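Colleague: Provided below for reference: sequence and predicted model.
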Amino acid sequence: MREEICRSASGAIFVNYTSVRKNPSLSNGNNFAGMLGEQMQTAPGAFDSVVDPILLKRSRYVQGDSPSRFGIHQATLRDYDPHGKVSEHVSQLTPAKARLIYQRIWDRSAAAELPSELQALHFETYIRRPQAARSALQQSAGAADAYAAISSALLAGGKKMPLRSDQIGQGGQTAAPVMASSVSAARGGGRDFEAAARIIMKHEGRTLVRNDNGMGPSKYGILQSTLQEYDPKGEIAQSVEQLDDEKAKQMYAKIWQRSGSGNLPYPLNIIHFDTYLHRPRTAMEAMNASGGDPMKYLETRQTSLRGLKSYRTFGVGWERRIGNLAMLAGSPVGSEIRKRV
């Protein structure tokens with residue numbers, strides 16, 4: 001098989017296989033669209049926009065327990081080329097061979113069947129974590145901006161740090177930070193955001209807590225460390241003691257935006273926001289497990305919190321909070337959650 005790295009008139013890289021058809025033993029019987037069984041020339045498009053930068057910038061072979069090259073790990077190579085017909089080891093990958101593997105990933109992800117504005121976004125997410133891509137597609141109902149926010153949340157779900165997606169805006173583009181005077185401009189603002197703010201204030205109260213679960217002072221459910229992270233210049237407040245209803249809502253607007261809640265449907269947006277403010281890691285776990293179902297989300301949140309050591313101290317309040325959120329969905333399942341509270 002002879003493989004050539006070529007460029008289209010637009011400058012996009014593509015691979016031309018001129019002798020694959022002459023070697024039927026290379027036909028692929030798996031659900032990979034038979035990439036090795038037919039001549040292929042990939043035209044410029046969403047596939048190229050994702051793969052070309054990888055081929056150009058990530059060509060170095062990375063050693064270790066999970067070696068990789070061109071962004072392809074050894075386990076991924078075995079999954080998409082189980083018989084080693086393209087390459088037995090990632091160290092042997094060339095740009096052309098790596099492109100073949102990415103073409104198989106493209107086919108399995110079904111990105112080509114999606115609207116053009118979703119193809120590259122879905123493919124890029126699928127490369128990183130297939131389950132997150134499938135969940136984001138289901139939850140977003142095909143809306144690109146919602147997909148961008150949801151996939152960011154899902155991809156961050158396995159990390160210990162909170163989701164850093166405050167730059168996610170329309171279509172995944174960078175959005176300007178929420179300033180102190182722009183609460184009403186929070187993504188997905190309006191009635192849902194206002195309702196979420198009221199619910200949070202009801203759950204958290206307005207009293208200053210000198211040492212909230214050993215994590216320092218808090219007010220309106222906002223820790224001093226959270227205030228410093230979201231408002232490092234102190235434009236809203238220097239200390240949580242200075243927070244009032246309006247300043248708390250300005251902080252909520254920033255957290256609402258970073259959590260991606262504004263791109264979720266009601267009532268999942270309010271449930272996710274409340275969970276994210278309470279414990280970002282639990283919010284990510286619940287989003288991963290729920291598939292966008294509000295009641296499954298709350299069930300996951302309930303299970304997660306019950307596994308914490310601090311549940312003995314705060315469990316009663318946490319359960320009441322979950323029960324109140326279950327009422328938003330108006331589902332019979334919600335009553336079952338409230339029964340377990």
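Modeller: Okay, I see it.
Colleague: for S218, grab phi and psi.
Modeller: Dihedral pair for S218: phi -150, psi 160, per degrees, to the nearest 10.
Colleague: for the closest residue to it other than its chain neighbours, give its distance to L223.
Modeller: In this structure, S218 finds its nearest non-sequential neighbour in D212, 3.9 Å apart by CB to CB, 6 or more residues apart in numbering. Where C-beta positions appear, they are placed from N, C-alpha and C, glycine not excepted. For D212, the distance to L223 equals 6 Å [CB to CB, to the nearest Å].
Colleague: strands along the stretch 51-200 of the chain, start to end?
Modeller: 68-69, 72-73 (DSSP state E, counting those that start in this stretch).
Colleague: what of the stretch 201-341 of the chain?
Modeller: Here the stretch 201-341 of the chain has its strands, by DSSP E, counting those that start in this stretch, at 218-219, 222-223.
Colleague: of the ones you listed, flag the one that's most buried.
Modeller: strand 218-219 (a mean of 24; mean count of other CB atoms under 10 Å).
Colleague: and the lengthiest helix in the chain, what does it pack onto?
Modeller: Identified as the longest helix of the chain according to DSSP state H is helix 311-329. If you count contacts as 3 or more CB pairs under 8 Å, 6 or more residues apart in numbering; DSSP states H and E, helix 311-329 packs onto helix 191-204, helix 268-278, helix 294-306, helix 332-340.
Colleague: residues of the longest one that come out buried?
Modeller: With burial defined by 16 or more other CB atoms under 10 Å, the residues of helix 191-204 counted as buried are 192-193, 195-197, 199-201, 203-204.
Colleague: now swap in stretch 51-66 and tell me
Modeller: 51-52, 54-55.
Colleague: just the residues you listed: which are in helices?
Modeller: 51-52, 54-55.
Colleague: now render the residues you listed as CSV, adding pLDDT and distance to R279.
Modeller: Formatted as CSV, those follow (pLDDT from 0 to 100; distance: CB to CB, whole Å):
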residue, pLDDT, distance to R279
V51, 90, 37
D52, 89, 40
I54, 88, 35
L55, 90, 40
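Colleague: most widely separated two among the residues you listed?
Modeller: D52 and I54 (7.2 Å; CB to CB).
Colleague: A120 contacts V51, correct?
Modeller: No - contact criterion CB atoms under 8 Å: A120 and V51 do not qualify, at 9.8 Å.
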